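Asks: Here is a sequence together with a model predicted from it:
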Amino acid sequence: MTIVTRTSDLIGDTPLYELARTGTGTRLLLKLDHLNPTGSCKVRMARRIIDEAEEAGHLKVGGEIVEPTSGNTGCGLALIALERGYRFTAVVDHHAAPDKLRMLTALGAELVFVDCPPDGGVASVRRREVAGRLAVQRNAFHPDQHNHTGNGNGYMDLAGELLDELGHVDVLIAAIGTGGSLCGTTKELHARGAHTRSVAVEPVGSIIFDGSPGVYHQTGAGSPAGFPVGRNVIRSVIDESHQVSDADAFACARVMARRNGMLVGGTTGGAVHVALRRLLDYPPGSTVVVLCNDAGEKYLASVFDVEWLRERGVYDEPAHRRVDRWLSAYADSVRVAQQDQQRRDRLQRDQRRRATA
C-alpha cells in the first residue's frame with residue numbers, strides 16, 4: 001500500500017476499462033481519468049500550470065489565481081491552490097453544472113458570476129473578459145488555460161501511462177475544449193514514437209472546427225460564437241474532428257450508466273458516441289482509447305435527469321436505443337467470432353485425426 005500526504009499525490013495512474021470489442025479484435029478502451037482527484041483530468045494540467053507559474057516567478061507565497069472556468073479546471077486549480085497556500089477566484093456562469101460550482105465552494109474558491117447570454121448558452125467570452133480585468137485589478141496570476149503551455153504539458157504523464165499500459169495506441173478520441181488533454185496527450189505520444197491517430201469531438205453548436213454556432217448544453221467542451229480558439233488546440237496533431245448533438249452525447253452517457261454502472265459526464269458521452277459509431281471503420285485489431293475526462297456524479301441534476309433533458313429539448317429515446325444496439329451488436333460480433341474460431345479449431349482437429357488414422 002502506498003500512503004500519501006497530499007491529495008495531489010493521487011493524480012494519475014488511472015485505470016483502463018474495456019467498454020466494447022469487435023469480432024475483428026478491435027478494442028474500445030476507456031482511460032478513466034475522471035477517477036483523478038476532483039473527478040476530472042483537468043487536475044493534471046492545473047498542477048502543471050501552477051508548477052510552471054512558480055518556476056517563472058508569476059506566483060509568490062500568498063498570491064492569488066484568477067481563472068474563468070466551467071468547473072473542472074477551476075476545481076483542479078482550487079485543489080492545488082489550497083495545498084500551496086494561494087487564493088483562488090473562479091469566474092463562472094450558471095451554464096456550469098451546479099455541483100461543479102458547489103465543489104469549487106467546498107474547495108475554498110471564491111466565485112464571481114457573470115450573466116449567461118439571452119439564448120441560454122455558455123458565457124465563455126464574458127467570463128474571459130471579467131477574469132482578465134480582475135487579475136489586473138488584484139495583481140493576480142491569470143493562467144489563461146486556452147493558451148498556457150502548462151495545459152498541454154500537463155498530459156505528458158497521461159501519454160506515458162497509456163504506452164506503459166498498452167504498448168501502443170492506434171486511435172485516441174476525446175472531447176475538445178481548450179485542446180489540452182487531446183492535443184497534449186497526442187503530441188507526447190508522437191514524441192515517444194507512437195503513430196496514434198487523434199480524433200477530436202465537439203458539441204454541435206461549437207465553432208472550433210468551423211461549425212455553425214448555436215446553443216449547446218455539454219459543459220467543458222467546444223467554443224461558442226465569438227470565443228477565440230486558443231493555442232492549445234493544435235490542429236496539426238488532430239486527424240479527425242466530429243460534432244455530436246447534446247441528445248446523442250447525453251444518451252450515450254446514460255446508457256453507459258444503465259449497462260455498465262459507470263457515470264461519466266456528457267462530453268465524455270459524446271466522445272464515446274463517436275467511438276462506438278466508428279469502431280468498425282478502424283483496421284482489425286486496433287486499440288482505440290477514449291479519454292474519460294469528467295465524472296458523471298456532477299451531472300445527476302442535468303444529464304441524468306429526464307425532466308432537465310426534456311425542458312431543453314435534448315431527451316431522445318431513439319438515441320438511447322441506438323447506443324444500446326451498438327453495444328449489443330459488438331458483443332454479439334465477438335460471440336460469433338468466438339464460435340467461428342471454435343468451429344475452425346474442431347475442423348483442424350478432425351483433419352489431424354483423419355490424417356493420422
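Replies: It's in. What you are looking at is a predicted structure, and each value in this text was computed from that prediction instead of being measured.
Asks: what distance separates stretch 40-56 from the middle of the whole chain?
Replies: 17 Å (Cα atoms, centre = their mean, to the nearest Å).
Asks: mean confidence score for that stretch?
Replies: The average pLDDT within stretch 40-56 is 97.
Asks: Tell me how many other residues surround Glu240.
Replies: Residues lying near Glu240 (other Cβ atoms under 10 Å) number 14. For glycine as for every other residue, the C-beta is placed from the backbone atoms N, C-alpha and C.
Asks: Can you verify my assumption that Phe304 contacts Gly296?
Replies: Yes - at 6.8 Å, Phe304 counts as touching Gly296 under the criterion of Cβ atoms under 8 Å.
Asks: and for those two, which residues touch both?
Replies: Residues touching both Phe304 and Gly296 (Cβ atoms under 8 Å, 6 or more residues apart in numbering) are 253, 257, 263.
Asks: What about these, which one has the most neighbours?
Replies: Most neighbours among the shared contacts of Phe304 and Gly296, by other Cβ under 10 Å: Ala253, with 27 neighbours.
Asks: can you pull out the strands in this protein?
Replies: Counting by DSSP state E, the chain has these strands, from start to end: 16-21, 27-31, 64-68, 87-92, 110-113, 171-175, 197-203, 240-244, 287-291.
Asks: can you redo those as JSON lines with mean pLDDT and distance to Cys41?
Replies: Formatted as JSON lines, the strands of the chain follow (pLDDT from 0 to 100; distance: least, Cβ to Cβ, whole Å):
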{"stretch": "strand 16-21", "mean pLDDT": "97", "distance to Cys41": "14"}
{"stretch": "strand 27-31", "mean pLDDT": "98", "distance to Cys41": "9"}
{"stretch": "strand 64-68", "mean pLDDT": "96", "distance to Cys41": "16"}
{"stretch": "strand 87-92", "mean pLDDT": "96", "distance to Cys41": "18"}
{"stretch": "strand 110-113", "mean pLDDT": "96", "distance to Cys41": "22"}
{"stretch": "strand 171-175", "mean pLDDT": "98", "distance to Cys41": "9"}
{"stretch": "strand 197-203", "mean pLDDT": "98", "distance to Cys41": "14"}
{"stretch": "strand 240-244", "mean pLDDT": "98", "distance to Cys41": "19"}
{"stretch": "strand 287-291", "mean pLDDT": "98", "distance to Cys41": "7"}
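Asks: do you know which of those lies nearest Arg128?
Replies: Nearest to Arg128, of all those, is strand 64-68, at 5.2 Å by Cβ to Cβ.
Asks: In terms of secondary structure, what does the helix ranked longest in the chain contact?
Replies: In the chain, taking DSSP state H as the definition, the longest helix is helix 317-356. Identification of packing neighbours for helix 317-356 by 3 or more Cβ pairs under 8 Å, 6 or more residues apart in numbering; DSSP states H and E yields strand 16-21, helix 246-260, helix 266-278.
Asks: what angle sits between the longest one and strand 197-203?
Replies: To tie it back to what came earlier, the one meant is helix 246-260. Here helix 246-260 runs at an angle of 110 degrees relative to strand 197-203 (axes from the mean of the first three to the mean of the last three Cα atoms, to 10 degrees).
Asks: again, but for the last one
Replies: In terms of direction (the same axes, to 10 degrees), helix 266-278 departs from strand 197-203 by 130 degrees.
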